[in-house]
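Asks: Got a predicted structure here, sequence first:
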Amino acid sequence: MHLANQHVLLGVTGGIAAYKTPDLVRKLTAAGAIVRVVLTDSAKEFVSPLSLQAVSGNPVHHSLLDADAEAAMGHIELAKWADILLIAPATANCIAKLANGLADDLLSTLFLATTAKLYIAPAMNQQMWKAPATQRNLQRLHEMDITLLGPASGEQACGDIGPGRMLEPEAIVAALSVIQDDTFQQKSILITAGPTREALDPVRYLSNHSSGKMGYAIAQAAASMGAKVILISGPTALSCPSGVQRIDVESAADMHKAVMKAVSDCDIFIATAAVADYRAKHIADNKLKKSDDELTLTFVKNPDILKDVAAMTPAPFSVGFAAESQNIAEYAQGKLISKKLDMIAANDITAAGLGFNSDRNALHVFWKNGDIKLAPDSKFHLAKALLALVAQHCKNKTPS
């Protein structure tokens, strides 16, 4: 959906995540949308109408019984005006009201009165999110063809950790502004993401700092470009992107098995996962006990998933990732050649604010006879830029 000139009616309810809504409005308008905001009474305790009016450029609405607006049936006019009704944050109380058809304030009345496309971005405590009543209400909204955006998982304002965080404004705008183009129509893309965990004993494992955000961003972008997407993911705290099939794995061996099972039906393989190079030769049956001052473990090499895929006949268009701390270009080009890849994207893990666990990154992309640097940007925007390069070079690839 293009957001240029789209009428977006943003409903804001009374959750702590309401403080993010001025930034959300700013990003919606930057994407070309025309935004009007409706606040519930409780939302006004978290964010001021004046701040939202300043960023939207339009009056903020909050009263169902506004005498001036009612003279022209204002709530009905707003309902007709909207192309999109987005409620962010949507609290558990708001979700319950919408699911049961209550209309006791301006926002819930607009919800019933509009024919606009409906989206909600939930935000609540993780236990409230998991509550059976909330899940029943969400199922009702799903049956009403309402699109759920999120929630994300992570640390919450109350100190809990789990699902229930409102998606960041950038992710919400990306979801709304996705253009379902035909770049990868009838193409299947297999993506790996996240870390792997290599067991040492029943309670310990070796892993790395990969969050999986880059791979998940590529999966989201690929789906928006018309591809059938399979995402094979190591352990992460991320929600599966809409329209993507996710397969969860733990170890490098698990990931290798899942990839080799799925890859034969794929046109493009993108390996963003931070796969462990080695695993313990022997996994202890019982917890290793502290005894001597030193512990010696023997490790053996894990299978090279990307190299095995690129060596297939025929092979999919194969894209690797190289997270390096030094000699970035040299190491990336070496992997491109040694693994017989079509393309590789390298990033500097020492760059402040980029890479592991960040929402931003920068990439230096190499192929056989060229390269390009993609400047620091959100991982979703980088994913779109990278996939545009993949699409261009796929067309020029000689079949294996």
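Replies: Done, it's in.
Asks: Do a quick rundown of the strands in the stretch 101-250 of the chain.
Replies: With strands called from DSSP state E, counting those that start in this stretch, the stretch 101-250 of the chain shows them at 117-122, 147-148, 152-155, 161-165, 188-193, 198-199, 205-206, 228-233, 244-248.
Asks: Over to the stretch 301-400 of the chain?
Replies: 317-324, 343-348, 360-367, 370-378.
Asks: With distance to residue 47 added, can I get the ones you listed in CSV?
Replies: All C-beta spots, glycine's among them, are computed from the backbone N, C-alpha and C. Shown next, in CSV, are the strands of the stretch 301-400 of the chain (distance: least, Cβ to Cβ, whole Å):
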stretch, distance to residue 47
strand 317-324, 38
strand 343-348, 36
strand 360-367, 25
strand 370-378, 23
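Asks: Need those in CSV (columns: mean pLDDT).
Replies: Below are those laid out as CSV (pLDDT from 0 to 100):
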stretch, mean pLDDT
strand 317-324, 94
strand 343-348, 94
strand 360-367, 94
strand 370-378, 91
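Asks: Reformat those strands as TSV; add distance to residue 148 and mean neighbour count.
Replies: Shown next, in TSV, are the strands of the stretch 301-400 of the chain (distance: least, Cβ to Cβ, whole Å; neighbours: other Cβ atoms under 10 Å):
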stretch	distance to residue 148	mean neighbour count
strand 317-324	30	22
strand 343-348	31	23
strand 360-367	25	21
strand 370-378	22	13
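Asks: between those strands, which gets nearest to residue 31?
Replies: strand 370-378 (12.8 Å; Cβ to Cβ).
Asks: so what's residue 112 up against?
Replies: Neighbouring residues of residue 112 by Cβ atoms under 8 Å, 6 or more residues apart in numbering: 101, 103.
Asks: In terms of pLDDT, where does residue 5 sit?
Replies: We have a pLDDT of 79 for residue 5.
Asks: just to revisit the earlier point, comparing the strands of the stretch 101-250 of the chain, which yields the minimum mean pLDDT?
Replies: strand 152-155 - the lowest mean pLDDT of those, at a mean of 76.
Asks: Mind listing residues that contact that one?
Replies: Counting by Cβ under 8 Å, 6+ apart, 126, 161-168, 171, 237-239 sit against strand 152-155.
Asks: Check the residues you listed against residue 306 and report the nearest one.
Replies: Checking the contacts of strand 152-155 one by one against residue 306 (Cβ to Cβ), the nearest turns out to be residue 238, at 21.4 Å.
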